[in-house]
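S.K.: Below are the sequence and a predicted model; questions follow.
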Amino acid sequence: MESKFYEENKLLVFKITDEIDDCSVQKIRRKADYEIERYMPKKVVFDFDSVTFMDSAGIGLIIGRYKFTNMLGGKLEVANLTQSVRKIFDMSGILKLIPVTEI
């Protein structure tokens with residue numbers, strides 16, 4: 001996972017480049033929490049452009065970061081959902097809570 005912080009917008013973007021499953025979620029969660037605390041962004045965007053597989057662990061990852069970001073006064077959005085990721089998000093109902101954006 002790559003991250004980039006845009007100072008002028010206080011925007012933190014995470015570009016996920018791995019499959020999201022039980023094994024990878026721990027690493028992604030640690031890095032995301034560290035970067036969110038470090039930069040205190042107004043908006044966090046998870047970019048799913050390169051994600052080929054995601055299971056329910058990914059839902060937990062996103063909901064946890066959503067709560068953490070809100071607790072710190074920011075907003076969380078998702079972008080570039082692949083067809084398989086969108087299907088998981090639709091089935092879980094997460095898109096009623098977290099908006100999809102363009103980056």
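M.R.: Received, thanks.
S.K.: C-alpha only now, for contacts and for neighbours.
M.R.: Noted.
S.K.: For stretch 38-45, what is the distance to the chain centroid?
M.R.: Going by Cα atoms, centre = their mean, to the nearest Å, the spacing between the C-alpha centre of stretch 38-45 and its chain's C-alpha centre is 11 Å.
S.K.: end to end, how far does that stretch reach?
M.R.: With Cα to Cα, to the nearest Å as the measure, stretch 38-45 spans 15 Å from end to end.
S.K.: cool, stretch 85-101 as well?
M.R.: Stretch 85-101 has an end-to-end distance of 14 Å (Cα to Cα).
S.K.: Assess the claim that Val44 and Asn9 are in contact.
M.R.: No - Val44 is not in contact with Asn9 according to Cα atoms under 8 Å; the separation is 10.7 Å.
S.K.: Kindly state the pLDDT recorded for Ile103?
M.R.: On the pLDDT scale, Ile103 is placed at 83.
S.K.: Look at Val44 and Asn9 and report which has more neighbours.
M.R.: Val44 (23 against 10; other Cα atoms under 10 Å).
S.K.: Show me what the longest helix along the chain is packed against.
M.R.: Scanning the chain for the helix with the most residues, using DSSP state H, yields helix 22-39. With contacts defined as 3 or more Cα pairs under 8 Å, 6 or more residues apart in numbering; DSSP states H and E, helix 22-39 has these neighbours: strand 11-15, helix 56-71.
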